[in-house]
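> The sequence and its predicted three-dimensional model are supplied below.
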Amino acid sequence: MSVVLEYSSITIAFILVELAVLARILLRPNRDPTSRLAWLFVVALLPLLGIFVYLLFGEVSIGRRRVARRRAVLARLQNAQAEGAEAIVLERHSNLFRLGQSISGFQPVGGNTARLLSDSNATIDSIVADIDAAKEHVHLLFYIWLPDNNGCKVIEALKRAAARGITCRAMADDLGSRTLIRSDHWQAMRRAGVQVANGLPVGNPLLRPFMGRIDLRNHRKIVVIDGRVTYCGSQNCADPEFLVKARYAPWVDAMMRFEGPIARQNQLLFASDWMSRVDEDLEGLFREGHLLAKSDAMPAQVIGTGPTARFSAMPEMFESLMYAAQRELIISTPYYVPSESLQGALCTAARRGVDTKIIFPARNDSRIVGAASRSYYADLLAAGVEIHEYVGGLLHTKSLTLDGEVTLIGSANMDRRSFDLNYENNILFYDLDLTAAMRQRQLDYIARSTPVTSKMVASWSLPRRLWNNSIATLGPLL
């Protein structure tokens, strides 16, 4: 009898836990209905496994203590917004920059210059040259930083700069850069006087789920030199051969070197990440304003997103750019797992008569994401979107050009991970010459790609289509 009562008590307790999890799924803010329905289905169908998986991946939180600290840091820095030349923005693009300002609080600033770097190795060489020329400070943040040829070039440059008395702060994501962080190179930088920090430390993997999701990462790529030069794009600090995933090499990236007031905005983004992890006050970097006259020279704006930023900020930016297109829209992204609204915006652009092209890698380093991406091909093609699969390596560039006038470049992909889980940084700018350079790079990608046709997609086998669509169905379970 006691065994039966004990069993009944356990059953009742489990039912109560399941009901509590189901209630949390329904009450959790910032969930679209398909996501709620998917989680309800998983927990109801597979209660024990479903509850465990939800506890691991159902909540989008970096942990209460981390959230509280980050918010406190942002509150301290809110009066240190990046000042600079007030940008003169064309009326037809003003709404885009207003949306960007609503995300990070950064107004568009003018008076900038920039250039698109030729390739990954040229980018590293340029960063090293700027570090060697630094007079005050060097700030770096990378999601993946490898101790390979290019990674060590940057390490040695930082050590040289520190030896000259330059303040050097280097930050890398604890999961993405774990190989470097756990190597002697990391300690050698510290011994040389470089201040180092690992972002979003994993800690004990068994305890991490109770303090925040383990897979919420800092995916940003930020370099700031003396508060006047900054880099933005898709490239991690590594060789294009990318030895940790060499079978997909070379990794094809695009980075831009900016000079001007826009660097101050990236500086503030770096400072918010640094101060959220390190007990060091960087407010002094922003106490002296750099107010300039109005300028129509390259209006630009940093857009920083993440799990503690406004929900849906990044997809809103992408969708607004798509709806703003009048003549042409060219996009490159390695990972495409869109929300319904983003997929609709892209299809609508093509249906409106906009020449719409999107470029994916032919071989994706994530079989799961690659399958999910291809589940959307049929609808994109039916709407008139041109799809191209790049065959010269893993196309890792995240870029969007609009009507040959506006460019968005940075770290954010068009997938739910970038939308909801990762800290990302992008720069939106208006400049005909630099956009032309980015557009030409995109056309170069297309020239090395295979066009995807409706006939090709229709010829896919039934098992392949079942696999693609099944994986895509899991997208809302983020």
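Thanks, I have it.
> what number of residues lie near the closest residue to residue 241 other than its chain neighbours?
In this structure, residue 241 finds its nearest non-sequential neighbour in residue 249, 4.7 Å apart by CB to CB, 6 or more residues apart in numbering. C-beta here means a position set from N, CA and C on the backbone, and glycine is covered the same way. Residues lying near residue 249 (other CB atoms under 10 Å) number 15.
> Make 141 the starting number, not 1.
Okay, residue one is now 141; in that scheme the one you just asked about reads as residue 389.
> What score does residue 389 have for pLDDT?
We have a pLDDT of 93 for residue 389.
> same check, this time on residue 218
Confidence score, pLDDT, at residue 218: 68.
> Then residue 145?
50.
> Next up, phi/psi of the residue lying closest to residue 294 once chain neighbours are set aside, please.
Distances taken as CB to CB, 6+ apart place residue 377 nearest to residue 294, at 5.6 Å, with adjacent residues excluded. Main-chain torsions, residue 377, degrees, to the nearest 10: phi -90, psi 90.
> right, and residue 377 touches residue 285 too?
Yes: the criterion here is CB atoms under 8 Å, and residue 377 meets it with residue 285 at 4.2 Å.
> and after the helix or strand of the chain with the lowest mean pLDDT, which helix or strand comes next?
Ranked by mean pLDDT, DSSP states H and E, the weakest helix or strand in the chain is strand 432-435, scoring a mean of 59. Downstream of strand 432-435, the next assigned helix or strand under DSSP states H and E is strand 440-445.
> how close does the closest residue to residue 498 other than its chain neighbours sit to residue 422?
With CB to CB, 6+ apart as the criterion, residue 498 has its nearest non-adjacent residue at 4.5 Å, and that residue is residue 471. From residue 471 across to residue 422, the span is 35 Å (CB to CB, to the nearest Å).
> Please say which of those two ends up with more neighbours.
More neighbours surround residue 471 than the other of residue 471 and residue 422, with 25 against 21 (other CB under 10 Å).
> Which segments of the chain make up each domain?
Here the domain parsing of the chain from automatic domain parsing is 142-197, 204-234+245-444, 453-617.
> pLDDT on the last one, on average?
Read it as domain 453-617. For domain 453-617, the mean pLDDT works out to 95.
> any idea which element residue 161 lies in?
Going by DSSP H and E, residue 161 is in helix 142-167.
> go on, residue 364?
Per DSSP H and E, residue 364 falls inside strand 362-365.
> what about that strand, distance to the chain center?
When C-alpha coordinates are averaged (CA atoms, centre = their mean, to the nearest Å), strand 362-365 and its chain have centres 16 Å apart.
> helix or strand right after it?
Counting by DSSP H and E, the next helix or strand C-terminal to strand 362-365 is strand 369-373.
> For the stretch 191-340 of the chain, which segments count as strands?
Taking DSSP state E, counting those that start in this stretch as the criterion, the stretch 191-340 of the chain carries its strands at 225-227, 249-250, 253-256, 277-282, 307-313, 335-339.
> Which among those strands is found nearest to residue 297?
strand 277-282 (8.3 Å; CB to CB).
> Against residue 497, how distant is residue 173?
31 Å.
> Contact partners for residue 405?
Contacts for residue 405 (CB atoms under 8 Å, 6 or more residues apart in numbering) come out as 222, 244, 246, 249, 441, 442.
> any idea which of the residues you listed is closest to residue 452?
For those, the nearest to residue 452 is residue 244 (14.3 Å; CB to CB).
> contacting residues around the closest residue to the closest one other than its chain neighbours?
The spatially closest residue to residue 244, leaving aside those adjacent along the chain, is residue 444, at 4.7 Å (CB to CB, 6+ apart). By CB under 8 Å, 6+ apart, the contact set of residue 444 is 243, 244, 360, 409, 412, 563, 564, 565, 566.
> buried residues in stretch 455-464?
Neighbour counts over stretch 455-464 (16 or more other CB atoms under 10 Å) mark 455, 456, 457, 458, 459, 461, 462, 463, 464 as buried.
> And the contacts of residue 444, which two are furthest apart?
Spatial extent of the contacts of residue 444 (CB to CB) is set by the pair 412 and 566 at 15.4 Å.
> Test my guess that residue 416 contacts residue 209.
Yes: here residue 416 reaches residue 209: they are 5.5 Å apart, a contact under CB under 8 Å.
> Which one's more surrounded, these two?
Counted by other CB under 10 Å, residue 416 and residue 209 do not tie: residue 416 has more neighbours, with 22 against 15.
> Contact partners for the more buried one?
So residue 416 contacts 206, 209, 210, 213 (CB under 8 Å, 6+ apart).
> okay, the residues you listed in a markdown table with distance to residue 356 next?
Formatted as a markdown table, these follow (distance: CB to CB, whole Å):
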| residue | distance to residue 356 |
| --- | --- |
| 206 | 9 |
| 209 | 15 |
| 210 | 12 |
| 213 | 17 |
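> still on that earlier bit, among the contacts of residue 444, which are in strands?
Among the contacts of residue 444, DSSP state E puts 564, 565, 566 in strands.
> which one of these sits closest to residue 306?
The nearest member of the ones in strands among the contacts of residue 444 to residue 306, counting by CB to CB, is residue 565 at 23.0 Å.
> give me the beta-bridge partners of the closest one?
Counting by DSSP bridges, residue 565 is bridged to residue 444.
> Equivalent analysis for residue 395, please.
For residue 395, the beta-bridge partners under DSSP bridges are residue 373.
> how close does residue 405 sit to residue 413?
On the measure of CB to CB, residue 405 and residue 413 end up 13 Å apart.
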